[in-house]
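Participant: could you look at this predicted model? Sequence included:
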Amino acid sequence: MAKYKGDRLKVDDIIKRAENAQRKKDLFEDLYTDAYDFALPQRQLYGYYDGRSVGQKKMTRVFDSTAINSTQRFANRLQSGIFPPQRKWCRLEPGPEVPSERRQELQAVLDIYADKMFAVLKQSNFDIAIGEFLLDMAVGTACMIVQPGDDVQPINFIPVPQFLVSFEEGANGQVDKIYRKIRLKAEAVGQQWRDAEFSQILRQRFEQKPTDDVDLLEAVIYDDKRGDYCYHVIETQSKEEIVYRRMMSSPWVISRYMKVAGETYGRGPLLTALPDIKTLNKTLELLLKNASLAVAGVYTAADDGVLNPQTVRITPGSIIPVARNGGPQGESLRPLPRAGDFNVSQIIINDLRQNIKRVLLDESLPPDNMSARSATEVTERMKELAQNLGSAFGRLINETMIPLVGRILSVMDERGLIDMPLRVDGLEVKIAPVAPLAQAQNMEELNAIMQFQQLTQGLGPAGAIAVKTNELIDYIGDKLGVPSSVRTSAPERAYMLEQQMNEERMRQAAQLQMAQAGAMQEAPVPQEAPLPLEGA
């Protein structure tokens with residue numbers, strides 16, 4: 001059991017927890033190192049961060065850029081399909097606990113909140129941060145921290161390389177304990193955390209050496225007794241806690257592409273494609289070596305006292321001293337025959353490249369270089385992408401979109417941008433994706449309903465009333481993500497229908513009166529019989 005100091009964990013216990021989490025993460029180091037070396041070399045920190053090797057060449061193991069390009073396209077496709085830049089990609093909807101008579105009223109308020117949220121996102125660095133976040137997702141684990149900003153940029157999104165983060169799971173596999181390594185200049189610590197408190201010794205050290213690097217440990221730990229999060233910042237050298245806060249929501253968004261039972265960290269498509277990636281790189285390495293032999297060649301030289309192999313320089317080839325080059329005397333210098341032909345390598349290389357692209361969803365149907373695409377084709381592309389993602393799509397929604405929106409609304413509520421008394425927990429307020437990838441799935445549901453309606457129309461009077469048209473209108477609007485501000489509510493539609501019926505009745509009554517009046521005008525006037533003459 002962890003020991004608490006008052007209402008929070010002791011520093012020694014936090015450091016011990018972080019070390020235990022780091023030991024579990026170290027088991028993935030070799031796997032993640034290979035993935036970053038071959039597919040994301042510029043984001044590789046394993047072996048570089050601790051050694052403070054800034055500006056080092058990180059592509060020494062890379063001979064082919066297929067994995068690098070396909071990984072970038074994988075992140076771009078996920079971003080355009082789930083978090084399209086400068087567009088709305090989700091909708092806030094009332095949950096099942098909201099009474100039906102108040103759903104329409106609450107929906108109008110939630111639409112306003114959603115408009116404000118996306119206005120804030122357009123003003124922030126979200127589109128840039130989510131792109132880097134999804135690059136790490138290709139490896140398996142992606143991390144982002146969402147913090148309050150300033151008046152110009154209300155929210156800051158910071159994609160953190162997963163090398164710097166370790167975490168633990170709580171109940172139901174939820175990540176609720178996150179630890180991050182931070183390295184800052186001493187003078188920047190107080191600027192980063194305005195509420196930081198330093199001891200006299202630590203303050204003097206920072207003032208004497210303001211430009212020295214300081215290693216810090218940031219920890220966010222869920223308190224199940226109070227139902228909130230404890231935020232700690234610890235200076236690791238002195239083991240002094242300089243920041244402590246209580247938070248209602250975690251600032252972290254930790255997402256895994258897929259997760260194996262018993263493991264905490266994720267495994268992404270890059271790990272699946274890693275054997276093909278390494279084989280492709282090795283094949284190209286051997287091919288380039290064979291090409292250099294074909295261009296420069298390797299020679300054998302007879303050490304006959306006339307030719308001195310030590311003084312002969314044939315660049316870029318080399319010379320191998322031998323007793324003789326065939327025959328009684330042989331040639332003084334003779335090219336060494338090459339073994340094998342690497343023309344077959346082109347077939348292997350093309351197959352490997354196609355396999356890598358297929359795993360990283362870097363395929364197009366039809367090819368991208370064709371003419372303009374129709375709306376149906378775009379929908380089919382999104383449906384294909386959703387099918388290829390499989391369960392990873394649901395994990396992206398549950399571990400990325402829902403926590404992200406919840407944290408954004410929490411920060412906006414803290415800053416007074418909105419007043420959010422309800423919880424985004426799926427019961428009071430739920431998040432419905434409306435990005436192209438989610439819309440492709442929604443269209444399948446809508447097509448099934450519309451097909452049902454068309455079929456029932458030909459089943460007589462019972463089929464004509466089989467669909468609740470009034471509720472179907474709201475259902476279609478929700479699935480398509482149409483804001484409630486441009487839609488009429490059910491009471492408004494009922495009132496407008498009644499008005500139309502009254503106007504129709506009045507029009508029919510007016511037509512009837514006009515018809516009656518016209519009939520009276522056209523009817524012959526009866527003539528009176530002539531009076532009898534006198535004396536007749």
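Facilitator: Arrived safely. Numbers count the residues shown, from 1 in each chain.
Participant: how far does stretch 438-445 sit from its chain's centre?
Facilitator: 19 Å (CA atoms, centre = their mean, to the nearest Å).
Participant: what segments of the stretch 51-200 of the chain are helices?
Facilitator: Under the criterion DSSP state H, counting those that start in this stretch, the stretch 51-200 of the chain contains helices at 66-82, 100-123, 126-139, 186-192, 200-208.
Participant: helices or strands next to the last one in the packing?
Facilitator: This points to helix 200-208. On a contact count with 3 or more CB pairs under 8 Å, 6 or more residues apart in numbering; DSSP states H and E, helix 200-208 meets helix 186-192. (Glycine included, C-beta is placed from N, CA and C.)
Participant: and the helix it packs on, what does it pack onto?
Facilitator: When contacts are defined as 3+ CB pairs under 8 Å, 6+ apart, helix 186-192 sits against helix 200-208, strand 213-223.
Participant: would you mind pulling the contact partners of that helix?
Facilitator: With CB atoms under 8 Å, 6 or more residues apart in numbering as the test, helix 186-192 has contacts from 184, 196, 198, 205-206, 209-214, 216, 242.
Participant: can you tell me which residues contact Ala35?
Facilitator: Ala35 touches 139-140, 268, 270-271, 274, counting by CB under 8 Å, 6+ apart.
Participant: same thing but at 10 Å, please
Facilitator: For Ala35, the contact set (CB atoms under 10 Å, 6 or more residues apart in numbering) comprises 28, 44, 46, 67, 71, 138-140, 267-271, 273-274, 277.
Participant: likewise for Arg91?
Facilitator: 107, 110-111, 114, 430-434, 438, 478-484.
Participant: Gly266 now?
Facilitator: Contact partners of Gly266, counting by CB under 10 Å, 6+ apart, are 28, 136-137, 139-142, 162, 254-260, 392, 395, 399.
Participant: PyMOL command to pick out the buried ones of those?
Facilitator: Buried residues among the contacts of Gly266 (16 or more other CB atoms under 10 Å), as a PyMOL selection:
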select buried, resi 28+136+137+139+140+141+142+162+254+255+256+257+259+392+395+399
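Participant: what's the mean pLDDT across whichever helix or strand Lys357 is part of?
Facilitator: Here Lys357 sits within helix 345-359, counting by DSSP states H and E. Across helix 345-359, the average pLDDT comes to 86.
Participant: equivalent analysis for stretch 182-190, please.
Facilitator: Rounded mean pLDDT across stretch 182-190 is 91.
Participant: point out where the protein drops to low pLDDT.
Facilitator: Along the chain, the model assigns pLDDT under 70 to residues 1-7, 49-55, 293-330, 332-344, 364-387, 390, 440-441, 481, 484-485, 522-536.
Participant: show me what whichever helix in it runs longest is packed up against.
Facilitator: For the chain, the helix with the greatest residue count under DSSP state H is helix 490-522. In terms of contacts (3 or more CB pairs under 10 Å, 6 or more residues apart in numbering; DSSP states H and E), helix 490-522 is packed against helix 100-123, helix 469-480.
Participant: would you list the phi and psi of Met401?
Facilitator: phi -70, psi -50 (degrees, to the nearest 10).
Participant: contacting residues for it?
Facilitator: For Met401, the contact set (CB under 10 Å, 6+ apart) comprises 82-83, 89-90, 253, 255, 431-433, 435, 438.
Participant: show me which of the residues you listed are buried.
Facilitator: Buried members of these, counted by 16+ other CB under 10 Å: 82-83, 89-90, 253, 255, 431, 433, 435, 438.
Participant: and the two most separated of those residues?
Facilitator: Comparing every pair within those by CB to CB identifies Val253 and Ala438 as the most remote, at 18.4 Å.
Participant: before we move on, back to that, which of the helices and strands packed on helix 186-192 sits most buried?
Facilitator: Of all the helices and strands packed on helix 186-192, strand 213-223 has the most neighbours on average by mean count of other CB atoms under 10 Å, namely a mean of 19.
Participant: how far off strand 213-223 does the following helix or strand past that strand point, in degrees?
Facilitator: Next along the chain after strand 213-223, taking DSSP H and E as the criterion, comes strand 228-235. For strand 228-235 against strand 213-223, the angle by axes from the mean of the first three to the mean of the last three CA atoms, to 10 degrees is 160 degrees.
Participant: okay, buried residues for strand 228-235 please.
Facilitator: When neighbours are counted by 16+ other CB under 10 Å, the buried residues of strand 228-235 are found to be 229-235.
Participant: and stretch 126-134, by the same measure?
Facilitator: So for stretch 126-134, counting by 16+ other CB under 10 Å, buried means 126-127, 129-134.
Participant: circling back: just the buried residues of the contacts of Arg91.
Facilitator: 107, 110-111, 114, 430-431, 433-434, 438, 478-479, 481, 483-484.
Participant: for the residues you listed, give me JSON lines that also has distance to Arg507.
Facilitator: Formatted as JSON lines, those follow (distance: CB to CB, whole Å):
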{"residue": "Gln107", "distance to Arg507": "35"}
{"residue": "Leu110", "distance to Arg507": "40"}
{"residue": "Asp111", "distance to Arg507": "36"}
{"residue": "Ala114", "distance to Arg507": "41"}
{"residue": "Lys430", "distance to Arg507": "45"}
{"residue": "Ile431", "distance to Arg507": "47"}
{"residue": "Pro433", "distance to Arg507": "46"}
{"residue": "Val434", "distance to Arg507": "41"}
{"residue": "Ala438", "distance to Arg507": "45"}
{"residue": "Asp478", "distance to Arg507": "35"}
{"residue": "Lys479", "distance to Arg507": "36"}
{"residue": "Gly481", "distance to Arg507": "37"}
{"residue": "Pro483", "distance to Arg507": "34"}
{"residue": "Ser484", "distance to Arg507": "32"}
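Participant: and the residues you listed, which is closest to Asp176?
Facilitator: Set against Asp176, the nearest of the buried ones among the contacts of Arg91 by CB to CB is Ile431 (19.8 Å).
Participant: which helix or strand contains the nearest residue to Phe163 once chain neighbours are set aside?
Facilitator: Spatially, and ignoring its direct neighbours in sequence, Phe163 is nearest to Leu45 (4.0 Å; CB to CB, 6 or more residues apart in numbering). Taking DSSP H and E as the definition, one finds Leu45 inside no helix or strand.
Participant: Leu45: what's it in contact with?
Facilitator: Listed by CB under 10 Å, 6+ apart, the contact set of Leu45 reads 32-33, 36, 53, 58, 161-164.
Participant: helices of the stretch 201-350 of the chain, residue ranges please.
Facilitator: Going by DSSP H, counting those that start in this stretch, the stretch 201-350 of the chain shows helices at 269-296, 345-359.
Participant: related to what we said a few turns ago, and the contacts of Leu45, which are buried?
Facilitator: Using 16+ other CB under 10 Å, the buried ones in the contacts of Leu45 are 32, 36, 58, 161-163.
Participant: picking that back up, what does the residue nearest to Phe163 show for phi and psi?
Facilitator: phi -120, psi -10.
Participant: from Tyr36, how far out is it?
Facilitator: 8 Å (CB to CB, to the nearest Å).
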